[in-house]
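Undergrad: Make a model of this:
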Amino acid sequence: MFPRIKPLVLRPGDTIGIVAPASNVKRADLQAGCEALQGAGYSPFYFDSILDQDLYFAGSVERRARELEEMFARQDVRAIICARGGYGANYLLEALDLEKVKAHPKILVGYSDITTLLTYFADAAGLVTFHGPMVAKDWTHEDGVDMASWQAALSRAAAWELDLPADSGVSGLVEGEAEGILYGGCLSLLAASLGTPYEIKTAGTILFLEDLAAKPYQVDRMLMQLKLAGKFEGVRGIVFGEMLDCVQTASQGYTLEEVVLRIVGKLGVPVVHGVRSGHVTARNITLPIGVRAGLTVRAGSVSLKILEGAVAL
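TA: Model (predicted):
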């Protein structure tokens with residue numbers, strides 16, 4: 001749990017570099033997202049090669065790695081947002097020059113397959129990263145981005161609390177109170193890291209887990225894999241995302257909450273379900289990875305506080 005390197009705050013008018021480290025990007029989606037970023041007061045920038053295609057990837061491994069390194073190195077780029085996830089960020093782990101990334105710490109935002117990069121940079125480089133909305137996905141929808149958490153996470157060097165009203169869909173599954181380092185991302189990517197040199201480091205964390213269209217037994221299997229690998233040892237709290245479309249059938253006689261509680265319900269830590277970050281129906285929440293957070297679950301109420309600013313002035 002070494003001290004994290006915090007990137008500089010994002011301000012109106014700043015240039016945001018857009019990258020595609022994984023699957024290929026459609027021009028129309030990219031342009032729609034860029035227009036939304038401009039409407040929010042930013043100046044989007046990308047290299048023309050972002051539209052390259054190699055099978056289902058956004059071009060070659062070399063292109064994707066150099067694109068990301070160049071965005072970190074460019075002085076005119078203040079933050080980096082991924083265009084989309086899909087598949088392919090794992091190819092970059094052996095191709096990236098981590099020292100170049102560490103030398104120019106910047107805001108990096110993404111989710112889904114980008115979980116691989118978020119946790120790698122947090123673990124290996126000590127960078128604070130951000131699990132949040134992507135350009136050719138959430139920014140293309142009028143109600144796709146939760147602007148309150150976006151501003152709080154990226155533009156304010158201060159502690160803040162997520163707004164989780166009664167109608168937010170968030171529910172407490174296990175009561176309790178905990179403090180730890182907020183960490184995690186897409187469950188399937190976290191599980192895929194096990195047994196590799198890039199295996200996730202979960203001790204001392206409030207672990208965030210989310211996924212898309214994974215059947216309950218698949219969620220069960222991945223959680224059991226984490227458990228058997230010892231990844232719940234030392235975890236101080238668990239926060240599940242919306243878990244969009246994670247059902248077997250519409251008429252199944254059990255809930256996903258019942259499934260996950262079989263594995264994490266007796267860990268002695270607070271557990272929450274429904275925090276809307278990553279694969280969501282709307283208003284994607286930005287969560288900083290690598291900063292202290294506090295989780296409180298009481299009867300009828302859930303509180304998730306970010307206890308320090310995730311960016312520096």
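Undergrad: Disregarding residues adjacent in the polypeptide, which is nearest to residue 60?
TA: residue 54 (5.4 Å; CB to CB, 6 or more residues apart in numbering). In short, each C-beta sits where N, CA and C put it, glycine included.
Undergrad: State the distance from that neighbour to residue 213.
TA: 25 Å (CB to CB, to the nearest Å).
Undergrad: Which strand or helix spans residue 239?
TA: Residue 239 belongs to strand 237-241 when assigned by DSSP states H and E.
Undergrad: Which strands and helices lie in contact with that strand?
TA: strand 176-186, strand 205-210, strand 271-275 (3 or more CB pairs under 8 Å, 6 or more residues apart in numbering; DSSP states H and E).
Undergrad: Need the winner for burial among those.
TA: Most buried of these, by mean neighbour count (mean count of other CB atoms under 10 Å): strand 205-210, with a mean of 26.
Undergrad: and the angle for that one with strand 237-241?
TA: With axes from the mean of the first three to the mean of the last three CA atoms, to 10 degrees applied, the angle from strand 205-210 to strand 237-241 works out at 20 degrees.
Undergrad: which strands and helices sit next to strand 205-210?
TA: strand 176-186, helix 187-192, strand 237-241.
Undergrad: and the helix or strand immediately after that strand in the chain, average pLDDT?
TA: Following strand 205-210 in sequence order, the next helix or strand is helix 216-228 (DSSP H and E). Mean pLDDT, helix 216-228: 98.
Undergrad: other SSEs contacting helix 216-228?
TA: helix 187-192, helix 256-264.
Undergrad: Work out the gap between it and the centre of the chain.
TA: Mean-position distance between helix 216-228 and its chain equals 20 Å (CA atoms, centre = their mean, to the nearest Å).
Undergrad: thinking again about what came up before, got TSV for the helices and strands packed on helix 216-228, with mean pLDDT, mean neighbour count and distance to residue 155 too?
TA: Shown next, in TSV, are the helices and strands packed on helix 216-228 (pLDDT from 0 to 100; neighbours: other CB atoms under 10 Å; distance: least, CB to CB, whole Å):
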stretch	mean pLDDT	mean neighbour count	distance to residue 155
helix 187-192	98	22	27
helix 256-264	97	17	33
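Undergrad: and of the helices and strands packed on strand 205-210, who's closest to residue 27?
TA: strand 176-186 (25.5 Å; CB to CB).
Undergrad: Give me the three-state assignment for residue 69.
TA: The local conformation at residue 69, judged by DSSP: H, G, I helix; E, B strand; the rest coil, is helix.
Undergrad: contacting residues around it?
TA: By CB atoms under 8 Å, 6 or more residues apart in numbering, the residues touching residue 69 are 96-97, 100-101.
Undergrad: Ok, residue 123 next?
TA: 198, 200-201.
Undergrad: Over to it: give its phi and psi.
TA: Backbone geometry at residue 123, expressed as degrees, to the nearest 10, gives phi -80, psi -50.
Undergrad: can you give me the strands in this structure?
TA: 15-19, 43-45, 79-82, 107-110, 129-131, 160-161, 171-174, 176-186, 205-210, 237-241, 271-275, 287-289, 292-298, 301-306 (DSSP state E).
Undergrad: Show me what the fourth one is in contact with.
TA: Right, the one you point to is strand 107-110. So strand 107-110 is contacted by 7-8, 10, 21, 78-82, 85, 117-118, 121, 127, 129-134, 154, 286, 311 (CB under 8 Å, 6+ apart).
Undergrad: same question, the third one
TA: With CB under 8 Å, 6+ apart as the contact definition, strand 79-82 has outside contacts at 7, 10, 14, 16-22, 37, 68, 71-72, 106-110, 114, 133-135, 154.
Undergrad: For it, which strands pair with it and how are they oriented?
TA: Next to strand 79-82 in the sheet, as set by DSSP bridges, lie strand 15-19 (parallel), strand 107-110 (parallel).
Undergrad: between those, which one is nearest to residue 252?
TA: Using CB to CB, the strands paired with strand 79-82 put strand 107-110 closest to residue 252, at 31.2 Å.
Undergrad: CA atoms only for the closest one - export them in CSV, please.
TA: Taking C-alpha atoms only, strand 107-110 is exported to CSV below (Å, rounded to 0.1, in the frame of the first residue of the first chain):
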residue,chain,number,x,y,z
ILE,A,107,-5.8,10.9,-15.5
LEU,A,108,-6.7,7.6,-17.2
VAL,A,109,-10.4,6.7,-17.5
GLY,A,110,-12.0,3.6,-18.7
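Undergrad: could you give me the average pLDDT of it?
TA: Strand 107-110 comes out at a mean pLDDT of 98.
Undergrad: neighbours of the nearest residue to residue 57 once chain neighbours are set aside, just the number please.
TA: Excluding the flanking residues, the one nearest residue 57 by CB to CB, 6+ apart is residue 88, at 4.6 Å. Residues lying near residue 88 (other CB atoms under 10 Å) number 22.
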